[in-house]
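what's the 3D shape of this:
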Amino acid sequence: MFSIGFFLYGPQMLIGLCGAEIVGRKSVGASEGFLGWVAYLGAANAGAPLSILVRQYGWNAFFMVLVGACGMAFILLSPMTNAKSFVQREEDKALAIAA
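Numbers count the residues shown, from 1 in each chain. This next block holds a predicted model:
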């Protein structure tokens, strides 16, 4: 039970945390709301296409599609590996002005 909770809640929480770190203090609520809306929309729409896929092609195709989606997410998120938070960007601006 612990493992299921850890592996499901952890990535979900990290998405919100990344969204809160990238934006400024005044827009954290809006960014969290937008991320939540996208997450719920994705969850609501994920069931129908995957169920059609399982019905027509079987479970092996289902798991192959999920592995492919994970790979695609990794590729699309990889440019953000060195993204700086709002605080880090502000500190860089302050250092640039002071220099």
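
and for residue 18, nearest residue in space, chain neighbours not counted?
Using Cβ to Cβ, 6 or more residues apart in numbering and skipping residues adjacent in sequence, the residue nearest residue 18 is residue 80, 7.5 Å away. Glycine gets a C-beta too; all of them are placed from N, C-alpha and C.

the one you found: neighbour count?
By the criterion of other Cβ atoms under 10 Å, residue 80 has 9 neighbours.

same question for residue 88.
Counted by other Cβ under 10 Å, the residues lying close to residue 88 total 11.

relative to residue 23, how far out is it?
Residue 88 is 13 Å from residue 23, where distance means Cβ to Cβ, to the nearest Å.

what's the answer for residue 54, then?
For residue 54 relative to residue 23 (Cβ to Cβ), the value is 38 Å.

contacts only, for residue 83.
By Cβ atoms under 8 Å, 6 or more residues apart in numbering, the contact list for residue 83 reads residue 22.

and it, how far from residue 20?
The value you get for residue 83 to residue 20, if Cβ to Cβ is used, is 13 Å.

touching both of the two, which residues are there?
If you check residue 83 and residue 20 against Cβ under 8 Å, 6+ apart, no residue is contacted by both.

centroid residue for the protein?
Nearest to the geometric centre of the chain sits residue 15, at 4.2 Å (Cα atoms, centre = their mean).

which elements pack onto the lengthiest helix in the chain?
What stands out as the longest helix in the chain, according to DSSP state H, is helix 28-57. When contacts are defined as 3 or more Cβ pairs under 8 Å, 6 or more residues apart in numbering; DSSP states H and E, helix 28-57 packs onto helix 2-22, helix 59-77.

no further questions, thank you.
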